[in-house]
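A.B. asks: curious how this folds, go ahead:
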Amino acid sequence: MKKIVRVLGILVGSLLVVVLLVFVGIYANNKIQLQNKTKKIIPYGQEVEVDNKSLRVQVTGKGDEKMVLLPGYLTSSPVLAFQPLVNELSKEYQVVMVEPFGYGLSDDTDKVRSIENVTSELHQALKQLNISSYHLVGHSISGVYSLAYINEYPNEVKSFIGIDSSLPDQGGVDDN
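C.D. replies: Have a look, this model is predicted:
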């Protein structure tokens, strides 16, 4: 009986070591591949400094009216994801695509992603770009940010356009 327990212990221990080595190998490969891919990224748009960090913004089009596009939750690269829409809108409008902190090529931040912080950062970025009158276009969670933004800066926003926007009192959240 002792021999069986000992053999099972060695097998389980060996299996755990193999699993650990596989995960370490995957982690190391991921870090190496990430470094290689990062070198190949071609920056787009322009950087705007907000809170001593880089926020990425792309301004496209020559129209007199400005549209500020805000992405949905977990959009990995808003500039790239919204490119077809931006291409169409930029025929008649100046389109400002903002990548909030943690999105696309914008820096990450340790600052809490509260509505107040996100709207303040957006306003700081637009002020640096000398943009003071615009239509606000929010996708998904940016609908919530946009409504708070409009309440905070009502003299700047001409209109709000929601693209499948979330709302502050959206139902069904507690059902999950």
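
A.B. asks: ok, longest helix in this structure?
C.D. replies: helix 2-40 (DSSP state H).

A.B. asks: give the other helices and strands that the helix or strand following it contacts.
C.D. replies: Going down the chain from helix 2-40, the next helix or strand is strand 46-50, by DSSP states H and E. Packing contacts for strand 46-50, counted by 3 or more Cβ pairs under 8 Å, 6 or more residues apart in numbering; DSSP states H and E, involve strand 53-60, helix 115-128. For glycine as for every other residue, the C-beta is placed from the backbone atoms N, C-alpha and C.

A.B. asks: dump those to a markdown table, plus mean neighbour count, mean pLDDT and distance to Pro168.
C.D. replies: Conversion of those to a markdown table gives the following (neighbours: other Cβ atoms under 10 Å; pLDDT from 0 to 100; distance: least, Cβ to Cβ, whole Å):
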| stretch | mean neighbour count | mean pLDDT | distance to Pro168 |
| --- | --- | --- | --- |
| strand 53-60 | 20 | 94 | 24 |
| helix 115-128 | 18 | 95 | 9 |
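
A.B. asks: can I get these in CSV including distance to Ser142?
C.D. replies: Formatted as CSV, the helices and strands packed on strand 46-50 follow (distance: least, Cβ to Cβ, whole Å):
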stretch, distance to Ser142
strand 53-60, 15
helix 115-128, 9
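
A.B. asks: Pro154 is nearest to which of these?
C.D. replies: Evaluated over these, closeness to Pro154 peaks at helix 115-128, with 12.2 Å, by Cβ to Cβ.

A.B. asks: so the closest residue to Val118 other than its chain neighbours is in which element?
C.D. replies: Counting by Cβ to Cβ, 6 or more residues apart in numbering, Val118 lies nearest to Tyr145, which is 5.1 Å off, once chain neighbours are set aside. Using DSSP H and E, Tyr145 sits in helix 142-152.

A.B. asks: ok, back up a step: just give me how far the longest helix of the chain sits from the chain centre.
C.D. replies: Computed by Cα atoms, centre = their mean, to the nearest Å, the separation of helix 2-40 from the middle of its chain amounts to 32 Å.
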